[in-house]
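In: Quick one: sequence and predicted model below, then my questions.
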Amino acid sequence: MTIDKSLKIKAGSVKMRNVLTRAERLTKLIEADRWSEGDPIYGIPKVRVVKISMKKKKKVKKEDEAEGA
């Protein structure tokens, strides 16, 4: 049996998660000096997830390449 096209996972279509695991939250808090080693793990503060947007590359005109060569 094959998998439907809509269910396949592509490497380029990995989306940004909006929930971090506890370990990821602790590493971000340690970097920001908001959590130290002796603090309790439960009730840690929220951490903002930074969403990165990829900018589209501009297409180079073929005329510019011909003039440069």
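Out: Done, it's in. Here the structure is a predicted model, which means the values were calculated and not measured.
In: Which parts of the chain are helices?
Out: 22-31, 62-68 (DSSP state H).
In: Spit out the contact partners of the residue sitting nearest the centre point of the chain.
Out: Centroid-nearest residue in the chain: residue 16, 4.7 Å away (criterion: CA atoms, centre = their mean). Neighbour list for residue 16: 49, 51, 52 [criterion: CB atoms under 8 Å, 6 or more residues apart in numbering]. In this view, the C-beta of every residue, glycine as well, is placed from N, C-alpha and C.
In: go on, residue 30?
Out: By CB under 8 Å, 6+ apart, residue 30 lies in contact with residue 36.
In: Show the pLDDT at it.
Out: pLDDT, residue 30: 93.
In: tell me the phi and psi of the closest residue to residue 45 other than its chain neighbours?
Out: In this structure, residue 45 finds its nearest non-sequential neighbour in residue 34, 6.3 Å apart by CB to CB, 6 or more residues apart in numbering. Dihedral pair for residue 34: phi -110, psi 0, per degrees, to the nearest 10.
In: before we move on, what about residue 58?
Out: phi -80, psi 140.
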